[in-house]
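**Q** when you get a sec, could you give me coordinates for this:
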Amino acid sequence: MRINDAYVAGFFDGEGCIYFRKQRPNQITVTITQKDKYALERIQHYLGYGAIYTHHSKRNKTTVYTLRINRRALIEDFLTRMKPYLWVKRKKTTQALEVIWRRASV
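**A** Presented below is the predicted three-dimensional model:
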């Protein structure tokens, strides 16, 4: 299967999250969490950025993986590319991009 922006956007729409920190509302983190590490590795390779973290749940005895994007310029690139294909996260993506652009103009 070929990965493209539409595929990544669908993955992000279902399994992703945009975090705004309460203490620092201008600080944004984008994540995609999944049990299948290979899927995240393919997305990371396609994008050319992001870091994959491993989380082990002692309670459920499961392992999940998170692709995390922290740098503002990379978040802007990611959200700008994904926005045309998003349904669920379109509004939050617009809000995040507004925060990034407002911060850049200050």
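
**Q** contacts for the worst-scoring helix or strand of the chain on mean pLDDT, please.
**A** None of the helices or strands of the chain scores lower by mean pLDDT, DSSP states H and E than helix 90-104, at a mean of 90. Applying Cβ atoms under 8 Å, 6 or more residues apart in numbering, the contact partners of helix 90-104 are 18, 20, 25-26, 28, 30, 72, 75-76, 79-80, 82-83, 86. Backbone N, C-alpha and C define where each C-beta goes, glycine included.

**Q** what about 6 Å?
**A** 18, 26, 28, 76, 79, 83, 86 (Cβ atoms under 6 Å, 6 or more residues apart in numbering).

**Q** list the contacts of stretch 46-63.
**A** Identification of contacts with stretch 46-63 by Cβ under 6 Å, 6+ apart yields 3, 40, 44, 64-69, 74.

**Q** try it again at 10 Å.
**A** Residues outside stretch 46-63 that contact it (Cβ atoms under 10 Å, 6 or more residues apart in numbering) are 2-5, 7-8, 30-35, 37, 40-41, 43-44, 64-71, 73-75, 77-78, 81.

**Q** what's the first-to-last distance across it?
**A** One end of stretch 46-63 to the other measures 23 Å (Cα to Cα, to the nearest Å).

**Q** buried residues in it?
**A** By 16 or more other Cβ atoms under 10 Å, the buried positions in stretch 46-63 come out as 47, 50.

**Q** how about stretch 86-98?
**A** Neighbour-count burial for stretch 86-98 [16+ other Cβ under 10 Å]: 86, 89, 92-93, 96-97.

**Q** spatially, which two of the contacts of helix 90-104 are the most separated?
**A** Greatest spacing in the contacts of helix 90-104, by Cβ to Cβ: Asn26 and Leu86 (21.7 Å).

**Q** circling back to that earlier point, give me the subset of the contacts of stretch 46-63 lying in helices.
**A** 5, 7-8, 37, 40-41, 43-44, 73-75, 77-78, 81 (DSSP state H).
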